[in-house]
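[1] Quick one, structure for this:
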Amino acid sequence: MNHLFRDAWFLARTDTWRLLRGRETLMWTFFMPVVFFYFIGMVNNNGSSGEKDVLAVSVAPDAGFLADELVQRLGSHDFEIVRPESRDKFLLFRRRLEIPAGFTEAVLAGKPMKVGFSRTGDDSGADYDRVRISRATYSALADLIAIRQGGAQPTPEQFRQLAAEPRTLQLDVKIAGHRIVPPSGYEQSVPGTMVMFTLTVLFTAGAVSLTLERNYGILRRLAYSPMSRGAVVLGKWGARMAIGAIQIAAAMITGSVLFGVHWGPNLPMVVVVMLAYGGLVASLAMLLGNFGRTLTQVIGLGVISSNLLAGLGGCWWPVEITPLWTQRLALFLPTGWTMDALHKLMNFGASPATVIPHVCVSVALALAAGWVLARTFRFE
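    Next comes the predicted model:
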């Protein structure tokens, strides 16, 4: 037993150093994830993280007090209101609202007026923006009608007085449970890219290097050495696990320092989840390299399968915004249950015990793959 671990440690150490010297491995382990962090984070930054959305408002000088009333109501609907100094600065904002001249005078005279809302991009938050703006507009109109039906003249004081009156119809609101807000921006892109690139690097560099060693006769020479099959398998797995652990550590540090990602109150469990996932991916990469017959076959299967698993598993976008059947399918994929565990720990306030099943499944499948490798490992 001592010989097995000693030989495995020697192979893992030398293989790790050899893999890290490859320029492709270095680029896809340390450089490309950062690029993807940024671009995917910018694409996914749709304002659904619970923070107030910035709304630029341009009010004509003679728009009147109803314009101020409308702007005030927009601020109470999770908009952060800004009033740019110039037209050029106004057009730089993503959400823009224009209240035309003579707004109050026309509305009080019963003339229809249009409030112009424009938005850059038509992502999943666009409809939510329109609903909030419509709600603020129609509530102001409803209060205006109520004031006039009471026989009063509409003034800012009348609006404040109406708002202070007790409502005849009240809504009793109770918390039904913790609201699940799908992560966006870097909170989604950094963990997702980390999961994806751990899979991609090990499925390509890890599996390809094993195929090359078999083609060049390196594994055949190991077969003639005093090392046991178990030591060779454990050593090769250890090297790939080390590459995965290094990549995970680099991604987490970079995400924290450069992109301000908060890994939640249960950081140790996040690390456990990722290490269990890395161990599983290292085993799957070994299986791919073991049963793949040609270099082209291994590269093709590695690239296609890693991208397919990343897309279906929720690495590119939050799986919570996809149809229910897609969310269920993701839980049967390594990327899917790993992303589910990360979201629960980082974004949904779940306890570490909640993700123990995710860790157990990853470890169990990694051990099963190791058992298969120990009995079927091909030296030539």
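[2] Okay, and Thr326 sits in which element?
    According to DSSP states H and E, Thr326 maps onto helix 324-330.
[3] Then Leu55?
    Assigned by DSSP H and E, Leu55 belongs to strand 53-59.
[4] Look at the closest residue to Arg135 other than its chain neighbours and tell me its secondary structure.
    Distances taken as C-beta to C-beta, 6 or more residues apart in numbering place His77 nearest to Arg135, at 6.4 Å, with adjacent residues excluded. Glycine gets a C-beta too; all of them are placed from N, C-alpha and C. Secondary structure, DSSP: H, G, I helix; E, B strand; the rest coil: His77 is coil.
[5] ok, back up a step: looking at the helix or strand following the helix holding Thr326 now, give me its mean pLDDT.
    Where DSSP H and E defines the elements, the next helix or strand beyond helix 324-330 is helix 334-346. Mean per-residue pLDDT for helix 334-346: 95.
[6] start at 329 instead
    Sure thing, new numbering starts at 329, so read that last one as helix 662-674.
[7] gap between helix 662-674 and the chain center?
    10 Å (C-alpha atoms, centre = their mean, to the nearest Å).
[8] and the gap between the closest residue to Gln575 other than its chain neighbours and Val589?
    For Gln575, ignoring the flanking residues on the chain, the nearest one in space by C-beta to C-beta, 6+ apart is Thr357 at 4.8 Å. According to C-beta to C-beta, to the nearest Å, Thr357 stands 18 Å off from Val589.
[9] Any regions of the chain where pLDDT drops low?
    Across the chain, residues meeting the criterion (pLDDT under 70) sit at 329, 372-380, 450-452, 503-508.
[10] returning to that earlier point: can you name the residues that contact the residue nearest to Arg463?
    Contacts here follow C-beta atoms under 8 Å, 6 or more residues apart in numbering; on that basis His405 touches Arg460, Ile461, Arg463, Ala464.
[11] What segments of the stretch 379-528 of the chain are helices?
    Using DSSP state H, counting those that start in this stretch, the helices of the stretch 379-528 of the chain run over residues 393-403, 415-418, 431-436, 454-477, 484-492, 514-529.
[12] which of these sits most buried?
    Highest mean neighbour count among the helices of the stretch 379-528 of the chain (mean count of other C-beta atoms under 10 Å): helix 514-529, with a mean of 27.
[13] Surely Thr582 touches Pro361?
    Yes: using C-beta atoms under 8 Å, Thr582 is in contact with Pro361, at 7.4 Å.
[14] more neighbours, these two?
    Set side by side, Thr582 and Pro361 show more neighbours around Pro361, with 25 against 17, by other C-beta atoms under 10 Å.
[15] Excluding covalently adjacent residues, which one is nearest to that one?
    Nearest one to Pro361, counting by C-beta to C-beta, 6+ apart, is Phe525 at 4.8 Å.
[16] That neighbour and Ala638, how far apart?
    From Phe525 over to Ala638 (counting by C-beta to C-beta), the distance is 9 Å.
[17] how distant is stretch 511-531 from the center of its chain?
    8 Å.
[18] Kindly report the same for stretch 586-601.
    13 Å.
[19] Between the two ends of that stretch, how far is it?
    End-to-end span of stretch 586-601 (C-alpha to C-alpha, to the nearest Å): 22 Å.
[20] what comes into contact with that stretch?
    Under the contact criterion C-beta under 8 Å, 6+ apart, stretch 586-601 has outside partners 362, 365-366, 369, 514-515, 518-519, 580, 583-584, 666, 669-670, 673-675, 679-680, 683, 686-687, 690.
[21] Please produce a ChimeraX select command covering the buried subset of the residues you listed.
    Buried residues among the contacts of stretch 586-601 (16 or more other C-beta atoms under 10 Å), as a ChimeraX selection:
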select :362,365,366,369,514,515,518,519,580,583,666,669,670,673,674,675,680,683,686,687,690
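[22] This structure - how does it break down into domains?
    The chain breaks down by automatic domain parsing into domains covering 330-373+513-704, 381-492.
[23] most packed of these?
    Among those, domain 330-373+513-704 has the highest mean neighbour count (mean count of other C-beta under 10 Å), at a mean of 19.
[24] and the gap between the spatially most central residue of the chain and Val599?
    Against the mean C-alpha coordinate of the chain, by C-alpha atoms, centre = their mean, the closest residue is Gln516 at 1.6 Å. Gln516 is 19 Å from Val599, where distance means C-beta to C-beta.
[25] now the helices for the stretch 529-678 of the chain?
    Using DSSP H, counting those that start in this stretch, helices in the stretch 529-678 of the chain cover 535-543, 546-551, 557-587, 595-619, 623-640, 652-658, 662-674.
[26] now those helices in TSV, with distance to Gln489?
    What follows is the helices of the stretch 529-678 of the chain, written out as TSV (distance: least, C-beta to C-beta, whole Å):
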stretch	distance to Gln489
helix 535-543	73
helix 546-551	86
helix 557-587	48
helix 595-619	52
helix 623-640	56
helix 652-658	48
helix 662-674	46
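[27] In contact with the residue nearest to Asn543 when sequence neighbours are not counted, which residues are there?
    Nearest residue to Asn543, sequence neighbours excluded (C-beta to C-beta, 6+ apart): Leu623, at 7.1 Å. Applying C-beta under 8 Å, 6+ apart to Leu623 gives the contacts Val536, Thr539, Leu540, Asn543.
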